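>>> have a look; sequence and predicted model below, questions after that.
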Amino acid sequence: MSAVRSEPADVWLNGGRPARFVWRGRLYTVLSIVERPGAEPGARWSCWRVTASPARNVPAVGFRLCRDDSRERWYLT
């Protein structure tokens, strides 16, 4: 079993959805939303699965962006 590491990310929203984020000092643009969070009463985390790229000619990669609602912080997992 492998451990999941969470790393901080700065996320900008557009219409309540992740649009861009900075991870490890690099700006990524979200190209598509693969999965959005469901409504879970009392849930501490809300996670989005997205594809994003740091540049126009760089292939998109899948990411999981999670917001810790109690701390109002975003993490990439």
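Alright, I've got the coordinates. Numbering: from 1, shown residues only.

>>> distance between the ends of stretch 48-65?
Start-to-end span of stretch 48-65 (CA to CA, to the nearest Å) is 5 Å.

>>> which of the residues in that stretch are classified as buried?
Within stretch 48-65, the residues scored as buried using 16 or more other CB atoms under 10 Å are 48, 50, 52, 63, 65. Every C-beta, even on glycine, is put in place using the N, C-alpha and C of the backbone.

>>> average pLDDT for that stretch?
What stretch 48-65 shows for mean pLDDT is 96.

>>> so where's the chain uncertain?
Low-confidence segments of the chain (pLDDT under 70): 1-4, 39-41.

>>> one more time with 50, if that's ok
For the chain, the stretches with pLDDT under 50 are 1-3.

>>> what are the ranges of the strands in it?
For the chain, the strands defined by DSSP state E occupy 7-14, 17-23, 26-35, 45-53, 61-68, 73-76.

>>> farthest pair in the buried residues of stretch 48-65?
For these, the farthest-apart pair by CB to CB is 48 and 52; their separation is 10.5 Å.

>>> any figure for the gap between residue 65 and residue 33?
10 Å (CB to CB, to the nearest Å).

>>> any common contacting residues for these two?
Common neighbours of residue 65 and residue 33 (criterion: CB atoms under 8 Å, 6 or more residues apart in numbering): 18, 48, 50.

>>> separation between the spatially closest residue to the last one that is not a sequence neighbour and residue 6?
In other words, residue 50. Nearest non-adjacent residue to residue 50, counting by CB to CB, 6 or more residues apart in numbering: residue 30, 4.8 Å away. Distance, residue 30 to residue 6, using CB to CB: 18 Å.

>>> the residue nearest to the spatial centre of the chain pairs with what?
The chain has residue 65 as the residue nearest its centroid, 2.1 Å off, counting by CA atoms, centre = their mean. Residues in a beta bridge with residue 65, per DSSP bridges, are residue 48, residue 76.

>>> next, the contact list for the residue nearest to residue 53 when sequence neighbours are not counted, please.
In this structure, residue 53 finds its nearest non-sequential neighbour in residue 60, 4.6 Å apart by CB to CB, 6+ apart. Residue 60 is in contact with 31-32, 51-53, counting by CB under 8 Å, 6+ apart.
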